[in-house]
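# The following block contains a protein sequence and its predicted model.
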Amino acid sequence: MKQNLNVIDTMVEGLAHVQKQLNERNYSEAVQLMEDMIIGFTAVKRATRAVLKNIENTGGAEKCFNHVHENLNLVVTHLENHSYTRLQEIFQFTLIPNVKKLQRELEQLFQPYVLS
């Protein structure tokens, strides 16, 4: 659980860095970093699903996972189409806020099980 929270923390930082790379027009760097973000998200989602089955009231986290998954699909589509202006909007208004919301949901769910 703690490791999943650490990966989500790293994702938040990484997405901010990807956003910076997009703003600076370092598109190849942004693409590489996004690949890492997608791998991290997939690992967290896979590892967390098993844990969530044993915890009550996980609907909020599941919903957040779905939103982030949808946002990442949009990012991939816009990366493939070189729609970098639209990507910046997705990062600012949907992806980063949704990852932060997922982070809060997981922290709240895992808080009773994780030592500080």
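Yes, it's here.
# residues touching the residue most central in space within the chain, list them.
Most central in the chain under Cα atoms, centre = their mean is residue 99, positioned 4.3 Å from the mean C-alpha point. Neighbouring residues of residue 99 by Cβ atoms under 8 Å, 6 or more residues apart in numbering: 8, 11-12, 15, 68. C-beta: built from backbone N, CA, C; applies to glycine.
# Among the residues you listed, show me the least confident.
On pLDDT alone, residue 8 ranks lowest of these, at 91.
# So it sits against residue 104, correct?
No. Taking contacts as Cβ atoms under 8 Å, residue 8 lies outside contact range of residue 104: 9.7 Å.
# what about those two, which has more around it?
residue 8 (22 against 14; other Cβ atoms under 10 Å).
# contacting residues for that one?
Taking Cβ under 8 Å, 6+ apart, we find residue 8 in contact with 44, 99, 102-103, 106.
# Residue 78: neighbour count?
As a burial measure, residue 78 scores 17 neighbours (other Cβ under 10 Å).
# Then residue 65?
Neighbours of residue 65 under the rule other Cβ under 10 Å: 21.
# Name the residues of the helix or strand where it lies that are buried.
Per DSSP states H and E: residue 65 is located in helix 59-80. By neighbour count on 16 or more other Cβ atoms under 10 Å, the buried set for helix 59-80 is 61, 64-65, 67-68, 71-72, 74-75, 78-79.
# Let's see it as PDB, backbone CA atoms only.
This file holds the C-alpha atoms of helix 59-80, laid out as PDB (Å, rounded to 0.1, in the frame of the first residue of the first chain):
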ATOM      1  CA  GLY A  59     -16.200   3.200  -5.100                       C
ATOM      2  CA  GLY A  60     -14.500   6.600  -5.100                       C
ATOM      3  CA  ALA A  61     -11.100   5.100  -5.800                       C
ATOM      4  CA  GLU A  62     -12.400   2.900  -8.600                       C
ATOM      5  CA  LYS A  63     -14.000   6.000 -10.100                       C
ATOM      6  CA  CYS A  64     -10.800   7.900  -9.900                       C
ATOM      7  CA  PHE A  65      -8.800   5.100 -11.500                       C
ATOM      8  CA  ASN A  66     -11.300   5.100 -14.400                       C
ATOM      9  CA  HIS A  67     -11.100   8.800 -14.800                       C
ATOM     10  CA  VAL A  68      -7.300   8.800 -14.900                       C
ATOM     11  CA  HIS A  69      -7.300   5.800 -17.300                       C
ATOM     12  CA  GLU A  70      -9.600   7.800 -19.600                       C
ATOM     13  CA  ASN A  71      -7.400  10.800 -19.300                       C
ATOM     14  CA  LEU A  72      -4.300   8.800 -20.200                       C
ATOM     15  CA  ASN A  73      -6.000   7.400 -23.200                       C
ATOM     16  CA  LEU A  74      -6.800  11.000 -24.300                       C
ATOM     17  CA  VAL A  75      -3.100  12.000 -23.800                       C
ATOM     18  CA  VAL A  76      -1.900   9.100 -25.900                       C
ATOM     19  CA  THR A  77      -4.300  10.000 -28.700                       C
ATOM     20  CA  HIS A  78      -3.200  13.700 -28.700                       C
ATOM     21  CA  LEU A  79       0.500  12.700 -28.500                       C
ATOM     22  CA  GLU A  80       0.000  10.500 -31.500                       C
END
